[in-house]
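*Asks:* what's the 3D shape of this:
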Amino acid sequence: MKRNYILLLFAAALLLTSVQPILAAITLPTMTEKTLDNGLKIIVVENREQPVASMRLLIKSGTAADGKGKAGLADLTAGLLRKGTATRDATKISEEIDFVGGNLGAGAGLDATNVTSEVLTKHFDVGLTLLADIVLNPTFAEAEIERLRKQTMAGLMSQKDDGETIANIQYAQYLFGEHPYGQPGSGTIESVSGITRDDIVGFWKATYVPENSILFVAGDVVAADVIPKIEAQFGGWLKGNLAKIDVPPAPKVNGTRVVLINKADATQSNVKIGHLGIDRYNPDIYAVRVLNYILGGGGFRSRLMDDIRDKRGLTYGISSQFSFDRYPGEFTVSVATRTDSTVQAIGATIEHLKKIREADVTAQELSETISFYSGYFPRQFETPEQVANQLSIVELYGLQKDYLAKYIDNIAGVTAPAVRSAAQKYIDPENLLIVVVGKADELRDKLKIFGTVTEIDLFEL
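*Replies:* Below you'll find the model as predicted:
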């Protein structure tokens, strides 16, 4: 089934005054869909602009499917795909993809795993064959598992030297509790050391199944030519028994809580401030995107950067973020600041969380945000890989088919009152989780001004 998607996009108009963006039409290349008998969905997007074919197999299970106590399982499984199959060892796989100047890789995200292959169009068969081989026939050799396990654990050990990484991990764990989003995707020393080959094979058999997967092919290809080749490679992929994951709700933050992680040699404090946000399906998502850009997601144009960095000089960088995932994700403000300015930076941030709820954003702030998205969004379709990525988001989350076409219209339709309403709904300055990684001796008493302080030493993590 062929369809043309028309994206109604605004021309970039990064002006500092209120403007009416100019509507422009951009046409996505023809898209062809087919679902194989085993349930594998294929989406082919034809684009003749570059002689490149980009393939992306989306597995709709990511690190959130690791299971309790098995953090790092999806990540290890994906990392092992290139380490050997029934007919190719790791060296041969690398040699074959390198010989055609291509790229072959795999990685697990929160809600999905992506296995990708990108080659010149003339080498499509090589890229597809290797992609199919590492997905369908991995051997998960014990020697390769141990090698990757050691590399992963070395990386986890080195994270203890990085205050920002520590803050990110601990913030998620305290925010989400028993919810799968609270487990670090790369795992922990304890969890990674305990993952067995049986765990890896079991995860692969349970989640790497055709009915849980979508194959995107984008670039200089002809759907009628490549679909039979895909069917030849993946048609024999057997259906599995996809288990439903029991996901407990994340706890709500009641009152403001401070978690202080003592890093005695810290040269600065790494701070995370926030609470649960919204999921990908929330009808206010466009207002929240605009809200976040104005608050702290817009770099030097944002309120947090303008005030806390430029005017007060409390940090070199501060930002805010909402994560839009399958389940409600994080709302987080991140800031690194001197030890002696930690309390001041946190206090100033909370001031801004309150302020953005109290009054409408300005016409200029709203216009600049719309102009940013007008220029940013079209650039997400410049390469075949980017097109495949955007379509994968739509398919992964089951979004409306006109999601991409209406994206900028929906952003442009956000009003100042809608931003204020979103701030009042989804930013709660009275109920915050504050995680600070820094020198406890100089901070513990001062941080009590914000709420109950729980102190942890870095060596306990």
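
*Asks:* going forward, measure contacts and count neighbours with C-alpha atoms only.
*Replies:* Fine.

*Asks:* how about the strands in the stretch 151-300 of the chain?
*Replies:* 213-219, 257-262, 269-276 (DSSP state E, counting those that start in this stretch).

*Asks:* quick one: which of these is nearest residue 396?
*Replies:* Closest to residue 396 of the strands of the stretch 151-300 of the chain is strand 213-219 (C-alpha to C-alpha; 8.6 Å).

*Asks:* partners of that closest one in the sheet?
*Replies:* Strand 213-219 sits in its sheet next to strand 41-46 (parallel), strand 52-59 (antiparallel), going by DSSP bridges.

*Asks:* what's in contact with it?
*Replies:* 40-60, 121, 383-385, 387-388, 392 (C-alpha atoms under 8 Å, 6 or more residues apart in numbering).

*Asks:* leaving out the residues flanking it, which one is nearest to residue 153?
*Replies:* Among residues not flanking residue 153 along the chain, residue 189 sits closest, at 5.9 Å (C-alpha to C-alpha, 6 or more residues apart in numbering).

*Asks:* now do the contacts for that neighbour.
*Replies:* 153, 156, 157.

*Asks:* closest to residue 352 out of these?
*Replies:* Closest to residue 352, out of all of these and judged by C-alpha to C-alpha, is residue 156, at 34.4 Å.

*Asks:* how near is that closest one to residue 77?
*Replies:* 17 Å (C-alpha to C-alpha, to the nearest Å).

*Asks:* where does this protein dip in pLDDT?
*Replies:* For the chain, applying pLDDT under 70 flags the ranges 1-29.

*Asks:* in which helix or strand would I find residue 105?
*Replies:* For residue 105, the enclosing helix or strand under DSSP states H and E is strand 103-108.

*Asks:* which residues does that strand contact?
*Replies:* 62-63, 74-75, 78-79, 81-82, 97, 113-119, 127, 130-131, 185.

*Asks:* and what of stretch 230-249?
*Replies:* So stretch 230-249 is contacted by 36-39, 65, 128-129, 132, 136, 178-180, 205-207, 209-212 (C-alpha under 8 Å, 6+ apart).

*Asks:* so how do I select the buried members of the residues you listed in PyMOL?
*Replies:* A single PyMOL command suffices to select whichever of the contacts of stretch 230-249 are buried according to 16 or more other C-alpha atoms under 10 Å:
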select buried, resi 36+38+39+65+128+129+132+136+178+179+180+205+206+207+209+210+211+212
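
*Asks:* neighbours of residue 422, just the number please.
*Replies:* 22 (other C-alpha atoms under 10 Å).

*Asks:* test my guess that it contacts residue 288.
*Replies:* Yes. Counting by C-alpha atoms under 8 Å, residue 288 is a contact partner of residue 422 at 6.0 Å.

*Asks:* tell me which other helices or strands the one helix or strand residue 389 maps to touches.
*Replies:* Using DSSP H and E, residue 389 falls within helix 384-396. Under the contact definition 3 or more C-alpha pairs under 8 Å, 6 or more residues apart in numbering; DSSP states H and E, helix 384-396 sits against strand 52-59, strand 213-219.

*Asks:* who touches that helix?
*Replies:* 45, 47, 52-56, 58, 60, 112, 216-219, 380-381, 399-401, 403.

*Asks:* how does it look with 7 Å?
*Replies:* For helix 384-396, contacts defined as C-alpha atoms under 7 Å, 6 or more residues apart in numbering pick out 54, 56, 60, 216, 217, 218, 219, 380, 381.

*Asks:* could you dump it to CSV, C-alpha only?
*Replies:* C-alpha atoms of helix 384-396 as CSV (Å, rounded to 0.1, in the frame of the first residue of the first chain):
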residue,chain,number,x,y,z
PRO,A,384,17.4,8.2,4.8
GLU,A,385,18.5,7.2,8.3
GLN,A,386,16.7,10.3,9.8
VAL,A,387,13.5,9.4,7.8
ALA,A,388,13.6,5.9,9.2
ASN,A,389,14.1,7.2,12.7
GLN,A,390,11.1,9.5,12.5
LEU,A,391,8.9,6.8,11.1
SER,A,392,10.1,4.4,13.8
ILE,A,393,8.9,6.8,16.5
VAL,A,394,5.4,6.9,15.0
GLU,A,395,5.3,3.1,14.8
LEU,A,396,6.8,2.3,18.1
